[in-house]
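**Q** Model the structure of this input:
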Amino acid sequence: MSKHFSELGISNPVLQSLDEMKIAVPTEIQEKSIPILLSQKDDFVGIAKTGTGKTAAFGLPLLQLVDVNNNKIQAVILVPTRELGQQIYTNMEAYAKYLPEVSIAATCGGIPIKPQIERLATTTHIVIATPGRLIDLIKRNAINIKEAKYLVLDEADEMVTALKESLNEILTELPKSRRTFLFSATMPGTIKQLVQNYMSKHVTQVSADMQTVGNQGIDHQYIVVDAIEKLDVLMHFLSSKEGERGIIFCKTKAAVNKLAKNLAINRFSSGALHGSLTQPIRDRIMAQFREGHINILVATDLAARGIDVKEISYVVNYHLPDVYETYVHRSGRTARAGAKGLSLTVLQPEETAELVDFEKELGIKFTEFKKPDAISIEENNTFLWAKQIFKTKPNHEVSPILKDKVKTVFHHLTKDELIEKMLANYLLQHKTDIKTETPAKKKKR
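**A** Predicted coordinates for the structure are as follows:
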């Protein structure tokens, strides 16, 4: 039976915040991590899937471990992206609502550095940072982490590349007596090497069960398509999910831009998210997604870090990820907080054999998603064509004379007759195999 946060050693001010946030029962990773972080002095590794509450697992203890009488930075939380950093900052501020003396700052890349430098000139106990921005601040002598007691590496498996280049530089600024907390969704060889190289021999490691609250509701499915029909099949799927929110993952920025453009042409409510976009644009797209102004997010893996929207009903792997850990992060965007969700992987025939390896490595089972037939796809494309016409804005630069000439051509047609002719013309141009039935034909049967 799950314990309550009060049994884990959480202080009354933080309990009050959790109560207001309607967070009553700790997740498995929280229940296993919090008492150890509060009571022991060793380094720590926590392994749990995406969406299982890792932020609270290290964030709640840190709020109690910092010494508010010491005005120096005492805890550094490293994250792979600004989006994740901002999410952690928001959560930490909420947890610390009744701890006004605890000062938290976020210093992540992608936004102007000057306001961050000004913020760091005031008392700060906990700083949340991306590696690149932290090094920039260190070089400018704008931040002092020489007395920090705690280093947290969050989503470490997503940050390995950046850490390889910058961790040594950051560690030279930290005292050797610090405690390091590493949290990750997976434990690939690169993370094991990280633990061996940078953490003490007395490291404590805990893992949450595969069947976590955030992931047990995921339905893992796959669909096999030829390259030429991939986009059409995807649009057929998206039409069936109209009104629901989802994320489509692509491997590259170029693929994200191309797919997002095709979805926009077909009038899907969507937006693109990748690292080459400016931070204001990324922030605007994320705000539109969170607030429900757009329903579909097309994103690269790293750009999607930090997306914590509970109502995401599906994710689509438009390209099969290269590594198993990436699939964990992708699918973990849905089925959050105990909800149900679908993770659909779009495969080409030559990729199907790889699914067995994903199942074996991740302990999951894929079921086949029924592929729509050619007629259903063509009917959906015709419907999308109609939506394009409906949502096209009038061109007011067309001359009145030309408009009158065109109106003269159609003036004797009824609305139904005009639609029939437009449909026939579209189907003729696209050489479709859709079989139409008129009421008259039905009567003859």
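
**Q** For the chain, name the helix or strand with the lowest mean pLDDT.
**A** Sorting the helices and strands of the chain by mean pLDDT, DSSP states H and E puts helix 439-444 at the bottom, at a mean of 41.

**Q** so Lys251 is in which element?
**A** Following DSSP states H and E, there is no helix or strand that holds Lys251.

**Q** Not counting sequence-adjacent ones, nearest residue to it?
**A** Leaving aside its sequence neighbours, Lys251 sits nearest to His319 (CB to CB, 6 or more residues apart in numbering; 4.4 Å). Where you see a C-beta, it was placed from the backbone N, CA and C, and this is true even at glycine.

**Q** Where does pLDDT dip in the stretch 301-445 of the chain?
**A** Within the stretch 301-445 of the chain, the ranges that satisfy pLDDT under 70 run 303-306, 308, 336-338, 431-445.

**Q** show me the contacts for the residue nearest to Lys251.
**A** Under the criterion of CB atoms under 8 Å, 6 or more residues apart in numbering, the neighbours of His319 are Phe249, Cys250, Lys251, Ala255, Val346.

**Q** Tell me where the stretch 201-350 of the chain has strands.
**A** Taking DSSP state E, counting those that start in this stretch as the criterion, the stretch 201-350 of the chain contains strands spanning 204-207, 218-224, 245-249, 270-273, 296-299, 312-317, 341-347.

**Q** want to throw those strands into TSV with mean neighbour count?
**A** Converted to TSV, the strands of the stretch 201-350 of the chain look like this (neighbours: other CB atoms under 10 Å):
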stretch	mean neighbour count
strand 204-207	15
strand 218-224	18
strand 245-249	24
strand 270-273	23
strand 296-299	27
strand 312-317	22
strand 341-347	22
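
**Q** how about the ones you listed in a markdown table, adding distance to Phe237?
**A** A markdown table is the format used below for the strands of the stretch 201-350 of the chain (distance: least, CB to CB, whole Å):
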| stretch | distance to Phe237 |
| --- | --- |
| strand 204-207 | 34 |
| strand 218-224 | 8 |
| strand 245-249 | 9 |
| strand 270-273 | 13 |
| strand 296-299 | 11 |
| strand 312-317 | 7 |
| strand 341-347 | 7 |
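
**Q** For Lys405, find the nearest of those strands.
**A** Judged by CB to CB, the one of the strands of the stretch 201-350 of the chain that comes nearest to Lys405 is strand 270-273, at 36.9 Å.

**Q** Kindly format the C-alpha coordinates of that closest one as PDB.
**A** In PDB, the C-alpha atoms belonging to strand 270-273 read as follows (Å, rounded to 0.1, in the frame of the first residue of the first chain):
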ATOM      1  CA  SER A 270      -0.800  21.800 -36.100                       C
ATOM      2  CA  GLY A 271       2.500  23.400 -35.300                       C
ATOM      3  CA  ALA A 272       6.200  22.500 -35.700                       C
ATOM      4  CA  LEU A 273       8.800  22.400 -32.900                       C
END
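
**Q** what packs against that strand?
**A** Other elements packing on strand 270-273 under the criterion 3 or more CB pairs under 8 Å, 6 or more residues apart in numbering; DSSP states H and E are helix 253-265, helix 279-290, strand 296-299.

**Q** Tell me the confidence at the spatially closest residue to Gln16 that is not a sequence neighbour?
**A** Excluding the flanking residues, the one nearest Gln16 by CB to CB, 6+ apart is Tyr98, at 5.2 Å. pLDDT recorded at Tyr98 is 96.

**Q** what about Tyr98, how many neighbours?
**A** Neighbour count for Tyr98, taken as other CB atoms under 10 Å: 14.

**Q** Tell me the secondary structure of Glu118, please.
**A** What DSSP: H, G, I helix; E, B strand; the rest coil gives for Glu118 is helix.

**Q** burial of it, as a residue count?
**A** 10.

**Q** From His329, how far off is it?
**A** 34 Å (CB to CB, to the nearest Å).

**Q** again, but for Ile285
**A** Distance, Ile285 to His329, using CB to CB: 19 Å.

**Q** which one's the longest helix in this protein?
**A** Looking across the chain with DSSP state H, the single longest helix is helix 374-391.

**Q** any idea how far Leu297 is from Gly217?
**A** On the measure of CB to CB, Leu297 and Gly217 end up 20 Å apart.
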